[in-house]
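1. need a 3D model of the following:
(chains A, B and C)
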Amino acid sequence: MTLDKGCCASICQSFFEYATPKILVIRSKRVGTVNRLIQAVIIAYVIGYVCVLKRGYQDTDSVISSVTTKVKGVALTNTSDLGLRVWDVADYIIPPQEESSFFVLTNMIITANQTQSRCPEVPGPNSNCSSDRDCTPGLKDVRGNGVQTGNCVNYSDSVKTCEVLAWCPLEVNVDPPVPPMLADAENFTVLIKNNIRYPKFNFNKRNILPHINKTYLTHCIFNATTDPDCPIFSLKYIVSAAQEDFQTMAVMGGVMGIQIRWDCDLDMPASWCKPRYTFRRLDNKDPENNVAPGYNFRFAKFYRTADDVEVRTLIKGFGIRFDVMVFGKAGKFSIVPMLLNIGAGLALLGLVTVVCDWVVLTFMKKRHQYKEEKFSYVDDYGLLSETAE
Amino acid sequence: MTLDKGCCASICQSFFEYATPKILVIRSKRVGTVNRLIQAVIIAYVIGYVCVLKRGYQDTDSVISSVTTKVKGVALTNTSDLGLRVWDVADYIIPPQEESSFFVLTNMIITANQTQSRCPEVPGPNSNCSSDRDCTPGLKDVRGNGVQTGNCVNYSDSVKTCEVLAWCPLEVNVDPPVPPMLADAENFTVLIKNNIRYPKFNFNKRNILPHINKTYLTHCIFNATTDPDCPIFSLKYIVSAAQEDFQTMAVMGGVMGIQIRWDCDLDMPASWCKPRYTFRRLDNKDPENNVAPGYNFRFAKFYRTADDVEVRTLIKGFGIRFDVMVFGKAGKFSIVPMLLNIGAGLALLGLVTVVCDWVVLTFMKKRHQYKEEKFSYVDDYGLLSETAE
Amino acid sequence: MTLDKGCCASICQSFFEYATPKILVIRSKRVGTVNRLIQAVIIAYVIGYVCVLKRGYQDTDSVISSVTTKVKGVALTNTSDLGLRVWDVADYIIPPQEESSFFVLTNMIITANQTQSRCPEVPGPNSNCSSDRDCTPGLKDVRGNGVQTGNCVNYSDSVKTCEVLAWCPLEVNVDPPVPPMLADAENFTVLIKNNIRYPKFNFNKRNILPHINKTYLTHCIFNATTDPDCPIFSLKYIVSAAQEDFQTMAVMGGVMGIQIRWDCDLDMPASWCKPRYTFRRLDNKDPENNVAPGYNFRFAKFYRTADDVEVRTLIKGFGIRFDVMVFGKAGKFSIVPMLLNIGAGLALLGLVTVVCDWVVLTFMKKRHQYKEEKFSYVDDYGLLSETAE
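-> This next block holds a predicted model:
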């Protein structure tokens, strides 16, 4: 019991102890200056760079986004096949709605009145033939248009190709028309509605900012300098802003990125949190290492004739796909990252002692005096002999 | 050589040296209490807040997700144009499949039997005219429906508008029907299958949890309190949970977010990692700063008449787009963030000395005694005169 | 004024002071070894693990990505309903384009010539009836195909079901055909073009790497070992790489993930930043807790007969949806995370003193001597009596 008491008393006593390191103060202009300089650099770094520039005192969150788009405009084409024809939004937006992307048809190769039947394959290394022996019944060439029947037939007066079972007549392997059929597409406009959320901070915002009224929205067009808050974009402007030419891009199609960056400092008023729009071409223009340049896909409209035969119009549609890419980071004051950064900054202050000690003990005239004052020595020579201590 | 030996010996000696700061222990209840209090606060913060609450010892990863959806239900409409008509999933889901979103048609303005022809433009500031001189042949107004021919024709008995080449008859500029045509859509159900992956931890999970069996899945409907694990949702429930009224929203359409949050502590059993569903309206209801409120898009069904004329039925479809948004963070014990946080915490303990020293040397009665004990001084007055030291 | 001067002088003096802790050096092999060992471990950890392995000196960014896909191939089916029929890309890709995903139709249940009319519901617990009283006019069963008319009619010779207004004839509730109709789909190929961006570092890259030329791209097929850079994939290879059998999966459909991982160390040459492709099945194969296994959806082709009746062909399409999932992290040298990690590492070095002091003062023979040398004591006994100090 007495032991317990004594032990308890000793713990109590040590509980009220305060251990502070003994300090040697060197009064020297040189060392003092080095000391203060390094301290100043570290403090400036912690405050200036980590806190102000990088906002190290903030917790961050990534954006969650929802996008809807609505394209407007009409285009006129005049071809020998179709005659004068007007194209509206239900014709040139395919599919009619997507999640955060929209495709605008700008050019086409139309193959009308295809039916399931037999016809000569388009000439090519795998389809040219001189007799039936060159054709394999049932062969489905990955790059072909149908299933070979095994017959070698006349494609034209001079060329014979293997007959295929396919949607005939086949699409002719030609380059897309220049200028593009829907050259008018450059005048189309698109309204982009973007709603974002930073879930960690329960913060929502829309790209149609509160100060924008209905009247402004009915006639405005986005312009980075004059109308940076208008959510209605001219397609030509988007493409130009990415240093591309709309008419050139429209021929073979392509992919454009509409980048919406929401970088928000949520310690500031919410109205400072605004979207920034930038535009970038996403597909490869470089003709060198490029297969299937541009952007196109095939789709068909299916009809049925009076005698119940299925007929389709195959369209190889070239166009520009606009991907709306929303990204950004929001920061808000939080105690953990702040203390993390301050703690690391304080630890860096420990570096000051290391550097100054090195200066003092290496370069100063009175270094031996300092050494004597700073260090005391205890030797443990006994240890060398007593191995089983 | 002797120098080398001496140098080596000196390095060896210093290798076996251990430098520990000399400590002044102040036995004082006051300072001791301040000291222990601050230490306790910092340790409590490091352990309690950083480790337990924020799980600072964990490495984190963001979720990768895949979503499929399947809507079920039939709706009945009875209009003068279409008569009694049943709508099933192939009619009201457009496009038939999307990646992580689905659109349910709830209301429509149908313009049947459009053909490429000429007709008077819908009245408006840019299309009203009194004579042919007000109309510009070839003008394609972005907000118009076609290409002006240059003629000014009767739209009605009292109004004359410019004639356009377009898909005629034009869609009439009316408000969508109230109540919405597919009011029955509120009873539709949707099965959402969500598969997530945390690539850094090679962790996969599905929202159909292991304990759920097939029988339960065939009849359950999600309810936040009674059936929180059922992946089948009633559309009406989703909209209600976001404090919206389905029938009101169905008239003009809108965008709903189905948020699936996967916050997983992977140091715990995998079965604790469960999805949490929340629902939020994403588009702007506020009529003030809103252009094109709700959500709608135009699409068409193309037909061909017996005499090969292309005819289309244009549908301005209003409806609710449901975006399935999956987010979340997984944490798992990792040595780097743990040591980072502990290191920063230890560095903060250095603050204790700063604060206590300030208390001791400023407020204590015996502060001069402490100062004398704690600090030793070396002066370097020679430095001031010797500039070329 | 003299006070100010004195105060100023005192501040000036303390400005040029350098405070360094007084150190007790213990020359002992044992303690020295413990000391150096712990130091070595901590330094090795900071350098080896944090810097080299985890690249703690780098700032990181997440990837922004854009994907386009193009599928090629033809398939042949021979059914009693359709006869010999060739399927090409416009037939089996639905919808024709999506943002970062594509769906390949592999199996179907086709219900042709549906019109809006009345027919007996498919037998089931909610639709079987014995008399008209069992049927409720206007009832829209969520799992049914139409709206009940209230009549109980013959479904077959033995079964009576409620009559419904629906698209009739109804789809028969059968299992999808085995083998799948478009079994040829395994030979289809898909070209995936992926463009990524790390916005923080303004770094863009494409998955068609600069050293790849056009000739290679026209004939290459991806293979993890022989052609790891080819962006053209065989569908069969993708499914096999995920340890699945294509023909089995094609029957009921499913969801495949094509994961493209871009882990880039941007301190290294940009050419080292390469995509890694992995493949994983995303939907649940497990038949236990699975409702609606596989992946299918219904879509329809709409026709109009000569007498203007709308007719549709309903297709319940089973198939494989391929989700292209792009993820990755890029790191680049940055001063903030480096100093954060170094600071935390230095703070950990403070642990050395704690451990070594404990060793010295507990286990060493001469521990009392060390204690005396290391610690000095000041007592503040007055404090106990003077409460109002």
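2. the residue nearest to residue A:379 when sequence neighbours are not counted: neighbour count?
-> Using C-beta to C-beta, 6 or more residues apart in numbering or on different chains and skipping residues adjacent in sequence, the residue nearest residue A:379 is residue C:27, 4.7 Å away. (C-beta placed from N, C-alpha, C; glycine too.) Applying other C-beta atoms under 10 Å in any protein chain shown, we find 17 residues neighbouring residue C:27.
3. equivalent analysis for residue A:363, please.
-> Per other C-beta under 10 Å, the neighbour tally for residue A:363 reads 12.
4. and it, what pLDDT?
-> For residue A:363, the model assigns a pLDDT of 79.
5. got it, and the one 5 residues further on?
-> Residue A:368 is assigned a predicted lDDT (pLDDT) of 80.
6. and it, what element?
-> Secondary structure assignment for residue A:368, by DSSP states H and E: helix A:367-374.
7. the residue nearest to residue A:379 touches residue A:377, doesn't it?
-> Yes. Between residue C:27 and residue A:377 there is a contact under C-beta atoms under 8 Å: 6.4 Å.
8. can you list the buried residues in whichever helix in chain A runs longest?
-> Secondary structure of chain A read by DSSP state H shows that its longest helix is helix A:335-363. Buried residues in helix A:335-363, counted by 16 or more other C-beta atoms under 10 Å in any protein chain shown: A:336-352, A:356-357, A:359-360.
9. over to stretch A:270-283?
-> In stretch A:270-283, counting by 16+ other C-beta under 10 Å, buried: A:273, A:275, A:277, A:279-283.
10. stretch A:129-148 now?
-> Residues of stretch A:129-148 classed as buried by neighbour count (16+ other C-beta under 10 Å): A:129, A:134-135, A:139-141, A:144-148.
11. just stretch A:242-249 next, same as before
-> Buried residues in stretch A:242-249, counted by 16+ other C-beta under 10 Å: A:242, A:244, A:246-247, A:249.
12. do stretch A:258-269 and chain C come into contact?
-> Yes. On the criterion C-beta under 8 Å from any C-beta of the partner chain, stretch A:258-269 is in touch with chain C at A:259, A:261.
13. next one: that stretch to chain centre, how far?
-> Distance of stretch A:258-269 from the chain centroid (C-alpha atoms, centre = their mean, to the nearest Å) equals 15 Å.
14. quick one: end-to-end distance for it.
-> 26 Å (C-alpha to C-alpha, to the nearest Å).
15. how about stretch A:200-217?
-> End-to-end span of stretch A:200-217 (C-alpha to C-alpha): 31 Å.
16. near chain B, anything from it?
-> Yes. Shown here: stretch A:200-217 in contact with chain B (C-beta under 8 Å from any C-beta) through A:206, A:208-214, A:217.
17. buried residues in that stretch?
-> In terms of neighbour count (16+ other C-beta under 10 Å), stretch A:200-217 has its buried residues at A:200-201, A:203, A:205-208, A:212, A:217.
18. mind checking which of the residues you listed are in helices?
-> Per DSSP H, the buried residues of stretch A:200-217 map to helices at residue A:217.
19. kindly reformat the buried residues of stretch A:200-217 as JSON lines containing pLDDT.
-> Shown next, in JSON lines, are these (pLDDT from 0 to 100):
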{"residue": "A:200", "pLDDT": "87"}
{"residue": "A:201", "pLDDT": "91"}
{"residue": "A:203", "pLDDT": "90"}
{"residue": "A:205", "pLDDT": "89"}
{"residue": "A:206", "pLDDT": "89"}
{"residue": "A:207", "pLDDT": "90"}
{"residue": "A:208", "pLDDT": "88"}
{"residue": "A:212", "pLDDT": "84"}
{"residue": "A:217", "pLDDT": "85"}
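20. nice, that's everything, thank you.
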